[in-house]
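Enquirer: Need coordinates for the following:
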Amino acid sequence: MTSQAISPSDEAGLETISAVLPAGCTIHAWIKATHDGAPARLTSHVDGDLTGALETSNPDEFEFRPLMLERGGETAFSYDPATTEVSVLYAFRQASVLEKGIRLLHARPANAAPEVPGGYHFRPPFGWMNDPNGFGRFGGKLHLFYQHYPHSLRWNNMHWGHAVSKDYLRWTHLPIFLFPSDELAARADGRGGAFSGSAIALPGDQAGLRIFFTEHMKDREPEEQVQFTATSRDLVNVEPARLILPARPAGLGLTTDFRDPYVFKGPDGKWKMLLGTRDREGGVILLYEADDPAAAEGWTFLGTLHRENRFGMTAAECPCMLPLDGPASDPTTRWALIFGLLTSRDPTTGRRNMTLATVGRFDGRSFSVEFEQELDFGTDAYAFQAFVDEAGPVGIAWLANWTDISREIDMPTAMTLPRRLALQSGALITPPVPGVESLRQRQLDAKALLDGRTVDLANGSVEILLTLGQAGNAFRLDLEHPEATVAVQLNDDGLSIPFSVANTKASPRYIAAGARPSTIRIFLDAGSIEVFADDGHWTGTKRLPGFKGVSTARLIAPEGNIIAAEIWQLGL
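Expert: Residues are numbered from 1 along each chain as shown. The predicted structure follows:
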């Protein structure tokens, strides 16, 4: 994927985006009129010959316009900045896009991806991103869809972005997959769009996938949120969506929250759907079922699967459910039900928007909880979505928290490292996926940190591994960051990520109370810290402000408490 610079055109006043493109390219462009007085116009020339023109009169939002280039050669896209603004322009060949992805030709400064040298977390090629959607393996590749707004680095009307990978770590960006309705796409007013959902493979020998998503439209009566489904036969282009759940269940006293359909095969072989909502007591997860083998129709409400009342009137959202330690059809298999709690607050630590994981037995209609835990003590692994891959369950989350979102400040939007899910010693563990070691480029240190010296972390994209002499040995790892005070600490209270930003209100306490690990893996990148203790028995994720990484590290510990400390430079 490459980006082209804008240069002056031979014609006075015009600007041109130039690239050498092969024949048969599809162009996706988003353009907007700068004012009501004249339409926006983008023209394409190949080797000097006019090959197409795109227009819109809309001054309120960028409008999508596709273009096919039958000829290849030196291609120039020209526009007059007095009448036309271009948000995004990319090219791809349909026959090879799953392997080669899109070629980004232009993104304006307001929505261009930040420069993150050495960054190894998934980020969109432009624009805003939040929840992962439709995470799964289809057509032999890992697919990640995500909540996306292409035209700025802040949230607005939702699209679905799309990328594929062979190893969970190195991703190829694909064309935008799903768009808001025409009505919602006409203005950049944040009224709604294609909200979160999930994906399943088409049945039998059919290629492709079926997605499920919530359409949100603010102030729509009687339902702001309804559920749609759509199919993609080629894993790139989506067919028209169809409404499948037009209303919430009646008689339960639910708010208008009714979203994030997660579809999976139950132990009885039938398709199940989870939806998140709330009532006056707290968060509620609804269960639906379909007899249709294609899951395309006939969805029936079965009842409330689970509820969480301890944190106030919080909405349960982004639910997912999957078997952990055996096949779905085995009645002894334990299942994990994972969901976020929007607006929740832990009264002990002040942490907000927590994610809970409950583990128990699921018979297709009811869920009996054996134990529960927080998924992440740092709380910045939100909207977690998982599926059962060839080697077992794997999940990924949005590396952020809604409490940090600002209308004024661009933020480093990213996904967490993908994580395995497994049962171990009565807990749900979430270590990073096997293969993260392939990110290691060179060892930065194996002695200085252990000796108490300050170690330079280069660009800040590193992995730090600590081995303790005994479980629970105390230490503090201070990390120098340009905008925050941040550390990793283990003491009698537990494992924590002390964090604060100058001239802001006091931060919550990010702690796994009572944790006494023996090994710690710390992944640092621009905008984030992820801590995995004892193979993910305790996992903590915290978003760091800005687009620069941690510059130095210094370990403080009594002699013998830490017996090994090494640092690895990471990169893709």
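Enquirer: mind listing what's buried in stretch 349-366?
Expert: 349, 351-360, 362, 364 (16 or more other Cβ atoms under 10 Å). Where C-beta positions appear, they are placed from N, C-alpha and C, glycine not excepted.
Enquirer: Turn these into JSON lines, columns for pLDDT and distance to W128.
Expert: Formatted as JSON lines, the buried residues of stretch 349-366 follow (pLDDT from 0 to 100; distance: Cβ to Cβ, whole Å):
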{"residue": "T349", "pLDDT": "95", "distance to W128": "28"}
{"residue": "R351", "pLDDT": "95", "distance to W128": "24"}
{"residue": "R352", "pLDDT": "94", "distance to W128": "20"}
{"residue": "N353", "pLDDT": "95", "distance to W128": "18"}
{"residue": "M354", "pLDDT": "95", "distance to W128": "23"}
{"residue": "T355", "pLDDT": "97", "distance to W128": "21"}
{"residue": "L356", "pLDDT": "97", "distance to W128": "26"}
{"residue": "A357", "pLDDT": "97", "distance to W128": "27"}
{"residue": "T358", "pLDDT": "97", "distance to W128": "31"}
{"residue": "V359", "pLDDT": "98", "distance to W128": "33"}
{"residue": "G360", "pLDDT": "97", "distance to W128": "36"}
{"residue": "F362", "pLDDT": "98", "distance to W128": "35"}
{"residue": "G364", "pLDDT": "96", "distance to W128": "38"}
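Enquirer: closest to R170 among these?
Expert: For the buried residues of stretch 349-366, the minimum distance to R170 (Cβ to Cβ) is 26.1 Å, reached by T355.
Enquirer: will you turn the buried residues of stretch 349-366 into TSV that also has distance to N561 and secondary structure?
Expert: As requested, these are exported to TSV (distance: Cβ to Cβ, whole Å; DSSP: H, G, I helix; E, B strand; the rest coil):
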residue	distance to N561	secondary structure
T349	25	coil
R351	27	coil
R352	33	strand
N353	34	coil
M354	31	coil
T355	31	strand
L356	33	strand
A357	30	strand
T358	35	strand
V359	33	strand
G360	38	strand
F362	43	strand
G364	49	coil
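Enquirer: check which helix or strand covers the residue lying closest to W538 once chain neighbours are set aside.
Expert: Computed as Cβ to Cβ, 6 or more residues apart in numbering, the closest residue to W538 that is not its neighbour in sequence is A512, at 4.2 Å. Per DSSP states H and E, A512 falls inside strand 511-513.
Enquirer: which residues are contacting the following helix or strand past that strand?
Expert: Counting by DSSP H and E, the next helix or strand C-terminal to strand 511-513 is strand 519-525. Identification of contacts with strand 519-525 by Cβ atoms under 8 Å, 6 or more residues apart in numbering yields 116, 119-121, 414, 417, 432, 436, 457, 460-468, 477, 479, 488, 490, 495, 529-535, 549-550, 570.
Enquirer: Each with direction, which strands does strand 519-525 pair with?
Expert: Strand 519-525 has the following sheet partners, assigned by DSSP bridges: strand 462-468 (antiparallel), strand 528-533 (antiparallel).
Enquirer: Buried residues, the first one. List them.
Expert: Of the residues in strand 462-468, those buried under the neighbour-count criterion (16+ other Cβ under 10 Å) are V462, E463, I464, L466, L468.
Enquirer: residue contacts, the second one?
Expert: It refers to E463. Residues near E463 by Cβ under 8 Å, 6+ apart: V436, L439, R440, R521, I522, F523, L524, I567, W568, L570.
Enquirer: Spell out, range by range, the strands that occur in the stretch 401-550 of the chain.
Expert: Assigned by DSSP state E, counting those that start in this stretch, the stretch 401-550 of the chain shows strands spanning 419-420, 422-424, 427-429, 440-445, 455-456, 462-468, 475-480, 485-491, 494-496, 499-500, 511-513, 519-525, 528-533, 538-543.
Enquirer: I am finished for the moment; much appreciated.
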